[in-house]
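Asker: Give me the fold of what follows.
(one chain, ligands or ions: 2)
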Amino acid sequence: MLAELSPTLIAEVALATKLLKLKQRICILTGAGISAESGIPTFRDKQTGLWENYGVEDLATPEAFIRDPKLVWSWYQWRRQVVADKAPNPAHHALAQWQYHAQSSDQQITLITQNVDDLHEQAGSTVTHLHGNLWRNKCSQCETPVQNQARDSYSSKDTVGYDEALMTCYQCGGYIRPDIVWFGEALPVDEWQTAETAATNCELFISIGTSSLVYPAAGLAQSAKQNGAKIIEINPNPTPNTLVDITLAEKAGVILPLLIQEIIAL
Ligand code: NAD
Ligand code: ZN
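Answerer: Ligands and ions are numbered 1, 2, ... in the order given. Prediction:
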């Protein structure tokens, strides 16, 4: 596998491996790119099918839900259908292996994700979700948690249109919405606290598959850097993150198994 990488990338992988072995407090932030190799489109990919003329910024906001709750609910039902049969890829598995290995080493690994899928959990990781969970719902008025329909009821053969039936809250009658942090909404307090503490106290911050455009999550690398951490970025495309010490410009599913196998082989 190493032979297929460019000499520059091989050198960067070697540098990164050294840091991974040396540092004890590690904070990892993942974004949509880590699930891309599982077949889940990122937010920067163009939307497909029925939704190709909609921007996610027009659907993933509280204003959009107030304006047209059926449209927003239908879009999330469609996204659930897209995600329902997807499985973790080698990048998720490598991180889970590393976390498992760290239980019997001196390393402390905090895994934070911006993703609303549950592929990290499916791979066996313990993960903090900053932006909510696609498989949970809550009332849009009183925030009462409401169970979602079972994942295997989302058959890829069913057609999700613009007109999916809305559910209402048994407590207050408000419309049920996905338990996801929309643009303009605050992040969940406990999860943000976990992320900030881990970023501020880490010696190594690893940013994987995120465009580093959406704040406050994108600011975690800054907190880490200000407190002396080294920053590694894994992303095949350039990002505006200028704090990076080591850039691994390849797919996460290629790079992470390479890095982690070095640590676990110790
Ligand atoms: P993003 O789509 O902005 O960026 C994905 C990044 O992954 C890109 O930089 C891309 O180059 C990279 N990438 C693609 N394939 C990769 C691979 N195989 N390996 C590694 N990297 C790869 O996603 P983001 O940075 O996670 O977006 C930030 C957050 O903004 C999202 O997690 C989400 O919570 C939020 N957001 C939410 C919605 C919503 O629907 N609620 C919409 C847009 C953004
Ligand atoms: Zn309610």
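
Asker: anything in the least confident helix or strand in the chain by mean pLDDT sitting right up against ligand 1?
Answerer: Least confident helix or strand of the chain, by mean pLDDT, DSSP states H and E, is helix 56-59 with a mean of 83. Yes. Legend: contact between helix 56-59 and ligand 1 by Cβ under 6 Å from any ligand atom is shown at residue 56. All C-beta atoms are positioned from the backbone trio N, CA, C, and that covers glycine.

Asker: Now do that helix: distance to the chain's middle.
Answerer: 18 Å (Cα atoms, centre = their mean, to the nearest Å).

Asker: Check the average confidence over the helix or strand that it is followed by, would you?
Answerer: Using DSSP states H and E, the helix or strand that follows helix 56-59 towards the C-terminus is helix 62-67. Mean per-residue pLDDT for helix 62-67: 95.

Asker: next structured bit after helix 62-67?
Answerer: Defined by DSSP H and E, the subsequent element after helix 62-67 is helix 69-84.

Asker: contacts for that next one?
Answerer: Here helix 69-84 makes contact (Cβ atoms under 8 Å, 6 or more residues apart in numbering) with 40-41, 49-51, 54, 59-60, 64-65, 117, 134-135, 140, 148, 151-152, 154-156, 158, 160-164, 166, 175-178, 180.

Asker: okay, how far is it across stretch 196-208, tip to tip?
Answerer: Taking Cα to Cα, to the nearest Å, stretch 196-208 runs 17 Å from one end to the other.

Asker: center of this protein - which residue?
Answerer: residue 115 (2.7 Å; Cα atoms, centre = their mean).

Asker: Need the three-state assignment for that one.
Answerer: Local secondary structure at residue 115 is given as coil here, using DSSP: H, G, I helix; E, B strand; the rest coil.

Asker: Show only the entries of the contacts of helix 69-84 found in helices.
Answerer: 59, 64-65 (DSSP state H).

Asker: Give the ChimeraX command for selecting the buried subset of those residues.
Answerer: If you want just the buried ones from those in ChimeraX, going by 16 or more other Cβ atoms under 10 Å, the selection is:
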select :59,64,65
